[in-house]
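Novice: Here is a sequence together with a model predicted from it:
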Amino acid sequence: MRQKIVAGNWKMNLDLDEGKELLINILDTDLNNDVLAIVAPPYIHLNSFKRILSHTNIGLAAQNCHHQDSGAYTGEISVKMLKSVGVEYVILGHSERREYFQEDSLAISFKVNTVVQNGLRPIYCCGETLIERQDGEHFKTIAKQIKQGLFNLNEMELLNCIIAYEPIWAIGTGETASPAQAQEIHAFIRKTIAQQYGDLVANNISILYGGSVKPANAQELFNCPDIDGGLIGGAALDAKSFATLTHSF
Ligand code: PEP
């Protein structure tokens, strides 16, 4: 059975007081208990957020990590460190990391491996640019990102991953992929996984959609057969919207 998930990527937003206020507002809402809700605040909030979330079902994610356990990597945070403060998920391969920090799928695959080996769950993002879609290259791009980033994992390890399809042209732009466009790619990702790992693995991985998801458009996306929820940016910064999204299945 695939998990239904709504994960909020807070990106580089909200200082500690603002972040705690949003978290407490989220805790005050009526979240759907059948859906796994995850928050991914900035690194600096993780330790105190874990304490606030300790008696709740809300998952805690980091937005990045380094692939080494320790060493001379000034400014970096290891998976071991994340684990030590109770982080359970790590967003990897977000298009903003790929674009602004030159992370390619190979570099991201090292992080995926370290996250999995430490018993945490990657939320692995993939997605095409507008030009790639206009050129009809989007299937090729997605297949390459999935294969390079994830296909050195074994079956059990892959089953621990969550995948997020996020067309770059839809992130933070107000543009959303139509349900048909999103469903087509989600089915393609599942088929790509099935070819390598078999149907059982492919059918048990949660694949989230991300890109300007909000309460007004979530239901039609989340009701597609291969869409298991969303990775949410802007709308996750509002407690009521975030809660509504958990009820949009
Ligand atoms: C994201 O950054 O992962 C995202 C989907 O952002 P938004 O919902 O704001 O488009």
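Specialist: Arrived safely, thanks for sending.
Novice: By mean pLDDT, flag the weakest helix or strand of the protein.
Specialist: The weakest-scoring helix or strand in the chain, judged by mean pLDDT, DSSP states H and E, is helix 130-134 (a mean of 94).
Novice: how distant is whichever helix or strand comes after it from the center of its chain?
Specialist: Past helix 130-134, further along toward the C-terminus, the next helix or strand under DSSP states H and E is helix 138-150. Here the centre of helix 138-150 is set off from its chain's centre by 16 Å, with C-alpha atoms, centre = their mean, to the nearest Å.
Novice: Enumerate residues external to the very next helix or strand once past helix 138-150 that contact any of its residues.
Specialist: Once helix 138-150 ends, the next helix or strand along the chain (criterion: DSSP H and E) is helix 155-159. With contacts defined as C-beta atoms under 8 Å, 6 or more residues apart in numbering, helix 155-159 is touched by 116, 150, 193, 197, 198, 201, 204, 205. Just so you know, the C-beta spots here come from the backbone N, C-alpha and C atoms, and that holds for glycine as well.
Novice: From these, which land in helices?
Specialist: 116, 150, 193, 197, 201 (DSSP state H).
Novice: Which one of those sits in the busiest neighbourhood?
Specialist: residue 150 (29 neighbours; other C-beta atoms under 10 Å).
Novice: before we move on, back to that, mind putting the contacts of helix 155-159 in a markdown table, distance to residue 219 and pLDDT included?
Specialist: Listed next are the contacts of helix 155-159 as a markdown table, based on distance: C-beta to C-beta, whole Å; pLDDT from 0 to 100:
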| residue | distance to residue 219 | pLDDT |
| --- | --- | --- |
| 116 | 32 | 98 |
| 150 | 29 | 97 |
| 193 | 26 | 98 |
| 197 | 30 | 98 |
| 198 | 31 | 98 |
| 201 | 28 | 97 |
| 204 | 24 | 98 |
| 205 | 22 | 98 |
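Novice: Can you give me the separation between residue 102 and the ligand?
Specialist: The spacing between residue 102 and the ligand, counted by C-beta to the nearest ligand atom, to the nearest Å, is 18 Å.
Novice: okay, that residue: pLDDT?
Specialist: pLDDT for residue 102: 95.
Novice: try residue 172
Specialist: 84.
Novice: any idea which element it lies in?
Specialist: Here residue 172 is assigned to no helix or strand, by DSSP H and E.
Novice: ditto for the one 3 residues further on
Specialist: Assigning secondary structure by DSSP H and E places residue 175 outside every helix and strand.
Novice: interface residues of this protein facing the ligand?
Specialist: Where the chain comes near the ligand, counting by C-beta under 6 Å from any ligand atom, the residues are 9, 166, 171-172, 210-213, 231-235.
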